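Chemist: sequence? don't have it. structure:
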Ligand SMILES: [Fe+2]
């Protein structure tokens, strides 16, 4: 079994690239804004290769002010890989089953007072409840509230790097069971999943320390869909997961995005957790559309 001693925390020492666009880091550690790229014009292979390198290096990418209709969002997402058709089909948007619209705006155009998915308010990684966990998530902000509704990201390479030696030893070789029904229904009181939706999403276990398949770096892989730990009493595993999820978030390894309308964010679920911040769903409107690209099954 490989040691979980992780590699040095590397982003700042990565070699500089000759990017074919302007790129501006959003924090000293993670996140970068790419400037001067109009995604609706399409992205050729050379440009996408550079975007993908930036995605691997910075973990979170921001594309400011894009006029990006749903078909173009799906087209851009397909450059990353196969796009997930989400099991929660009540959210499918505009006839595109690849898109998942989260909105509190009613048919009358007014806020309906309900969060569309309260689970997004808790740190998580998209698709960790599937055998093929999420790779990129690509979100377009259609309607942005005046306050709240931010998206925050924390660096899971850094989260592992900062764990104590005792914690690193404890979690070596351990696997967590991720379960959408647990996080969605039981923890957050959402409307219950249907039997068919549950059948499509049986619990799945993944290593707590995973190796990113492309960067080769080790990171912590937990979040709110993680329910318990294989081989441990349920309550003890729950306590570990809660503690590790809290230990993973460091202010200096976090990027907090305050949205402007029509921005696009892309992030790598294999090495960041994210959450939305609250807003008042009774007075403020928020509509985002998202798609998630299928990644691989975490090795080891
Ligand atoms: Fe999410």
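Modeler: Ah, there it is. Everything numeric here is computed off the predicted structure, so don't read it as measured data.
Chemist: check contacts around the closest residue to residue 71 other than its chain neighbours.
Modeler: Excluding its sequence neighbours, the residue lying closest to residue 71 (Cβ to Cβ, 6 or more residues apart in numbering) is residue 96, at 7.2 Å. The way it works is simple: take the backbone N, C-alpha and C, and place the C-beta from them, glycine included. By Cβ atoms under 8 Å, 6 or more residues apart in numbering, the contact list for residue 96 reads 70-71, 74.
Chemist: okay, now the unreliable bits of the stretch 1-150 of the chain?
Modeler: Along the stretch 1-150 of the chain, the model assigns pLDDT under 70 to residues 1-16, 87-93.
Chemist: mind running it again at 50?
Modeler: Counting by pLDDT under 50, the stretch 1-150 of the chain contains low-confidence ranges at 1-8, 12-13.
Chemist: and the strands in it?
Modeler: Ranges of strands in the stretch 1-150 of the chain, per DSSP state E, counting those that start in this stretch, are 22-25, 32-35, 60-63, 92-93, 96-103, 134-143.
Chemist: and residue 221, how many residues sit next to it?
Modeler: 28 (other Cβ atoms under 10 Å).
Chemist: what values do phi and psi take at the residue in the chain sticking out farthest from the centre?
Modeler: Distance from the C-alpha centroid of the chain peaks at residue 108, with 30.6 Å (Cα atoms, centre = their mean). Dihedral angles of residue 108 (phi, psi; degrees, to the nearest 10) stand at phi -90, psi 0.
Chemist: roughly how far apart are it and residue 285?
Modeler: Distance from residue 108 to residue 285, counting by Cβ to Cβ, to the nearest Å: 11 Å.
Chemist: residue 222 too?
Modeler: With Cβ to Cβ as the criterion, residue 222 and residue 285 are 32 Å apart.
Chemist: those two: which has the busier surroundings?
Modeler: residue 222 (28 against 20).
Chemist: quick check: which element contains that one?
Modeler: With secondary structure defined by DSSP states H and E, residue 222 is part of neither a helix nor a strand.
Chemist: swap in the one 5 residues further on?
Modeler: Following DSSP H and E, the helix or strand that holds residue 227 is strand 226-229.
Chemist: what is the mean pLDDT for the next helix or strand after that strand?
Modeler: From strand 226-229 onward toward the C-terminus, using DSSP H and E, the following helix or strand is helix 234-247. Averaged over helix 234-247, pLDDT sits at 98.
Chemist: can you list contacts of the very next helix or strand once past helix 234-247?
Modeler: Helices and strands here follow DSSP H and E; after helix 234-247, the next one along the chain is strand 254-257. By Cβ under 8 Å, 6+ apart, the residues outside strand 254-257 that reach it are 26-27, 29-31, 60, 62, 150-155, 265.
Chemist: do that again at 6 Å, thanks
Modeler: For strand 254-257, the external contacting residues (Cβ atoms under 6 Å, 6 or more residues apart in numbering) are 26-27, 30-31, 60, 150-154.
Chemist: report the two of those separated the most.
Modeler: 30 and 150 (15.5 Å; Cβ to Cβ).
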